[in-house]
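S.K.: Sequence plus predicted model, see below.
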Amino acid sequence: MTTLFIKNMVCNRCILVVQNELDQLGMQAKHIKLGEVLLKKAPTNEEKKKLKEALISLGFQLIDDKKSQLIEKIKNVIIDLVHHQNNHTKSNLSEVLSSKLHHDYNYLSNLFSEVEGTTIEKYFISQKIEKVKELLVYDELSLSEIAFRLHYSSVAYLSNQFKKVTGLTPSHFKKIREHKRKPLDEV
């Protein structure tokens with residue numbers, strides 16, 4: 001078995017698209033999750049080349065170097081935490097990343113900042129704000145419920161952070177729904 005690391009996988013649809021490409025190329029995946037594919041057998045150089053080309057045409061990228069793989073894992077843990085888990089336990093981001101990725105948080109933080117030009121915390125906040133936008137557009141939860149779900153200490157803190165990042169208050173954003181959300185791979 002071989003693990004491939006793929007950049008820009010941010011949602012369940014990405015998993016389906018990658019699965020479809022693997023199927024078309026006759027490559028069998030044992031398991032696919034955000035940013036990672038576990039293949040039943042190692043691909044030949046030709047298969048890997050074809051997969052690489054197919055993924056690029058779809059906006060994905062195979063990652064070969066260890067640092068880039070770790071950066072992508074950090075992003076995928078954060079995306080999963082913010083967008084795909086409706087967990088009600090308040091977790092410390094540094095502890096979650098350290099335990100899931102088996103590295104000291106300071107190492108992860110320094111590597112992320114060096115490669116991405118921003119901090120893990122700013123990336124995490126960007127993801128949370130995108131989730132707030134999504135929930136505001138769905139219009140199913142109050143701002144208090146959104147603040148609770150995303151573990152903000154108060155509605156005021158959420159509103160201040162939202163305005164700092166977007167330049168708009170959550171209520172103003174809600175009024176101008178045409179305001180486009182960024183795709184997760186551009187956050």
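M.R.: Everything's here; your move.
S.K.: State the distance from the closest residue to residue 162 other than its chain neighbours to residue 77.
M.R.: Distance criterion C-beta to C-beta, 6 or more residues apart in numbering; nearest residue to residue 162, sequence neighbours excluded, is residue 170 at 5.1 Å. C-beta here means a position set from N, CA and C on the backbone, and glycine is covered the same way. Remark: distance between residue 170 and residue 77 (C-beta to C-beta, to the nearest Å) = 26 Å.
S.K.: Now do the strands in this structure.
M.R.: In the chain, the segments counted as strands under DSSP state E are 2-7, 29-33, 36-39, 61-63.
S.K.: As TSV, the ones you listed with mean neighbour count and mean pLDDT would be great.
M.R.: Compiled in TSV, the strands of the chain are given as follows (neighbours: other C-beta atoms under 10 Å; pLDDT from 0 to 100):
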stretch	mean neighbour count	mean pLDDT
strand 2-7	19	89
strand 29-33	14	92
strand 36-39	18	92
strand 61-63	18	89
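S.K.: And this protein, split by domain according to the record?
M.R.: Domain assignment for the chain, taken from automatic domain parsing, gives 2-64, 65-187.
S.K.: averaging pLDDT over each of those, which comes out lowest?
M.R.: Per-stretch mean pLDDT for the domains of the chain is lowest at domain 65-187 (a mean of 87).
S.K.: circling back to that earlier point, and the residue nearest to residue 162, how many neighbours?
M.R.: 22 (other C-beta atoms under 10 Å).
S.K.: what would the strands of the chain look like in a markdown table with distance to residue 165?
M.R.: Below are the strands of the chain laid out as a markdown table (distance: least, C-beta to C-beta, whole Å):
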| stretch | distance to residue 165 |
| --- | --- |
| strand 2-7 | 24 |
| strand 29-33 | 28 |
| strand 36-39 | 29 |
| strand 61-63 | 26 |
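S.K.: In this structure, spot the helix with the most residues.
M.R.: helix 120-138 (DSSP state H).
S.K.: Extract the C-alpha trace of it and format it as PDB.
M.R.: What follows is helix 120-138, C-alpha atoms only, in PDB (Å, rounded to 0.1, in the frame of the first residue of the first chain):
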ATOM      1  CA  ILE A 120      -1.800  28.800  12.000                       C
ATOM      2  CA  GLU A 121      -4.000  31.000  14.200                       C
ATOM      3  CA  LYS A 122      -4.800  33.400  11.300                       C
ATOM      4  CA  TYR A 123      -5.600  30.500   9.000                       C
ATOM      5  CA  PHE A 124      -7.800  29.000  11.700                       C
ATOM      6  CA  ILE A 125      -9.600  32.400  12.100                       C
ATOM      7  CA  SER A 126     -10.100  32.700   8.300                       C
ATOM      8  CA  GLN A 127     -11.700  29.200   8.200                       C
ATOM      9  CA  LYS A 128     -14.000  30.100  11.100                       C
ATOM     10  CA  ILE A 129     -15.100  33.300   9.400                       C
ATOM     11  CA  GLU A 130     -15.800  31.400   6.200                       C
ATOM     12  CA  LYS A 131     -18.000  29.000   8.300                       C
ATOM     13  CA  VAL A 132     -19.700  32.000   9.900                       C
ATOM     14  CA  LYS A 133     -20.500  33.400   6.400                       C
ATOM     15  CA  GLU A 134     -21.900  30.000   5.400                       C
ATOM     16  CA  LEU A 135     -24.100  29.700   8.500                       C
ATOM     17  CA  LEU A 136     -25.300  33.300   8.000                       C
ATOM     18  CA  VAL A 137     -26.300  32.700   4.400                       C
ATOM     19  CA  TYR A 138     -28.100  29.500   5.400                       C
END
